[in-house]
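Student: No sequence on hand, only this structure:
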């Protein structure tokens, strides 16, 4: 992550100009959305009044005109919003990524591949919808990585009393997902998950943990603070302790304290998989309030900079191991 001073310099010298120029586009999009809502309300009133009072049939005709205008404005506002989003991503978000590291590659519409998501085994629930954006790929010294925003969901279907089918979408994971080189060919699987069971159910939660996770067993660690934050499952108890050195456990504790979110880790093959749960949409432009805010730029820098935090805190560039 870059310092606040470096970010402020980028903001004042480059980003603020882009953001001010984008304000014209933002206000145009905002006005179209506002007009869209107004037309919808007026059209709805016209149809309701005409249905209750046949003598006001001209209101029905006005409602039809409103529907046509509503559809036309939907298309126009959608196109304007997409154009605004592209400008924001290429002129603002890309500049922040470039400030952190000019050699990193940024793809606004790219995301972590589904195969890499599945390989990490952080979320066992099968998804029905998979989407993401803001893919960044690159390396810090010897450690290559990929990171992007992801949102995975599953659906349930029910029927109401009239037999109508209702589909409900449920979030599995929403936030930042990454995988990084561990420079060690791991034979087993080690998962480090947020310890929610013990927090919710106390000693009974500890009992629940002991039942394991599929083919993986509970691995008890000696770091008391780490044990309060995480639960560890592994296919190989010795390898899990070999991977989770005191340095790495302390790094995981610091990451939780810095970001204040639920974080997940897995060590599989030669990769570290990482996920941090963040519910708000990241790296997206504002529509209904000014986009010229240094605080938003700071937050984007912090989120993209998490990859540097991971690599440095976990000492992934210290090659004490070599791949088999």
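Tutor: Received the coordinates, thanks. Please read all numbers here as calculations on a predicted model, not as lab measurements.
Student: going forward, measure contacts between C-alpha atoms and count neighbours the same way
Tutor: OK.
Student: By mean pLDDT, which helix or strand of this protein comes out lowest?
Tutor: Least confident element among the helices and strands of the chain, by mean pLDDT, DSSP states H and E: helix 203-210 (a mean of 44).
Student: Below-threshold pLDDT in the stretch 1-150 of the chain: ranges please.
Tutor: 1-2, 54-63, 65, 73 (pLDDT under 70).
Student: all strands for it, in order.
Tutor: Along the stretch 1-150 of the chain, the stretches classed as strands by DSSP state E, counting those that start in this stretch are 105-107, 129-140, 143-159.
Student: could you dump the ones you listed to CSV with mean neighbour count and distance to residue 190?
Tutor: Written out in CSV, the entries for the strands of the stretch 1-150 of the chain read as follows (neighbours: other C-alpha atoms under 10 Å; distance: least, C-alpha to C-alpha, whole Å):
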stretch, mean neighbour count, distance to residue 190
strand 105-107, 17, 29
strand 129-140, 19, 24
strand 143-159, 18, 19
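Student: got a markdown table for these, with distance to residue 90 too?
Tutor: Formatted as a markdown table, the entries for the strands of the stretch 1-150 of the chain read as follows, by distance: least, C-alpha to C-alpha, whole Å:
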| stretch | distance to residue 90 |
| --- | --- |
| strand 105-107 | 9 |
| strand 129-140 | 11 |
| strand 143-159 | 16 |
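Student: hang on, the earlier thing: ok, whatever helix or strand comes next after the least confident helix or strand of the chain: who's next to it in the sheet?
Tutor: Following the chain from helix 203-210 toward its C-terminal end, the next helix or strand by DSSP states H and E is strand 217-219. Sheet neighbours of strand 217-219, with direction, are listed as strand 230-234 (antiparallel) (DSSP bridges).
Student: What lies in contact with the strand it pairs with?
Tutor: Residues from elsewhere that reach strand 230-234, judged by C-alpha atoms under 8 Å, 6 or more residues apart in numbering: 188-195, 209, 212-213, 216-220, 240.
Student: try stretch 287-301
Tutor: Residues outside stretch 287-301 that contact it (C-alpha under 8 Å, 6+ apart) are 1-2, 4, 7-8, 11, 16, 19-20, 23, 26-27, 29-30, 93, 96-97, 100, 282-283, 285.
Student: hmm, back to that, tell me which of the strands of the stretch 1-150 of the chain lies nearest to residue 316.
Tutor: Closest to residue 316 of the strands of the stretch 1-150 of the chain is strand 143-159 (C-alpha to C-alpha; 6.8 Å).
Student: Between strand 129-140 and that closest one, find me the angle.
Tutor: Angle, strand 143-159 to strand 129-140, by axes from the mean of the first three to the mean of the last three C-alpha atoms, to 10 degrees: 170 degrees.
Student: Neighbouring strands - and their directions - for strand 143-159?
Tutor: Using DSSP bridges, strand 143-159 pairs in its sheet with strand 129-140 (antiparallel), strand 165-194 (antiparallel).
Student: rewinding a little: could I have the buried ones of the contacts of strand 230-234 as PyMOL selection syntax?
Tutor: In PyMOL, this line selects whichever of the contacts of strand 230-234 come out buried by 16 or more other C-alpha atoms under 10 Å:
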select buried, resi 189+190+191+192+193+194+195+209+212+213+216+217+218+219+240
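Student: and the nearest residue to residue 159 once chain neighbours are set aside, what pLDDT?
Tutor: The shortest distance from residue 159 to any residue other than its chain neighbours is 4.4 Å, reached at residue 165 (C-alpha to C-alpha, 6 or more residues apart in numbering). At residue 165, the predicted lDDT confidence score is 87.
Student: Residue 165 and residue 157: what is the separation?
Tutor: Counting by C-alpha to C-alpha, to the nearest Å, the gap between residue 165 and residue 157 amounts to 7 Å.
Student: Ok, residue 32 next?
Tutor: Residue 32 is 35 Å from residue 157, by C-alpha to C-alpha.
Student: next one: residue 186
Tutor: Distance of residue 186 to residue 157, given as C-alpha to C-alpha: 40 Å.
Student: ok, now residue 226?
Tutor: Remark: distance between residue 226 and residue 157 (C-alpha to C-alpha) = 39 Å.
Student: again, but for residue 17
Tutor: Relative to residue 157, residue 17 is positioned 48 Å away (C-alpha to C-alpha).
Student: What is the longest helix anywhere in the chain packed up against?
Tutor: Of all the elements of type helix in the chain, the one with the most residues (DSSP state H) is helix 16-52. Contact analysis of helix 16-52 by 3 or more C-alpha pairs under 8 Å, 6 or more residues apart in numbering; DSSP states H and E lists helix 57-88 as its packing neighbours.
Student: Let me know the angle separating the helix it packs on from helix 16-52.
Tutor: On the basis of the same axes, to 10 degrees, helix 57-88 is oriented at 160 degrees to helix 16-52.
Student: one step back: now restrict the contacts of stretch 287-301 to buried residues only.
Tutor: Neighbour-count burial within these applies to 1-2, 7-8, 11, 16, 19, 23, 26, 29-30, 93, 96-97, 100, 282-283, 285; the criterion is 16+ other C-alpha under 10 Å.
Student: quick one: contacts of stretch 98-110?
Tutor: Under the contact criterion C-alpha under 8 Å, 6+ apart, stretch 98-110 has outside partners 1-2, 10, 89-90, 94, 97, 132-139, 148, 301, 305.
Student: With that, I have no additional questions.
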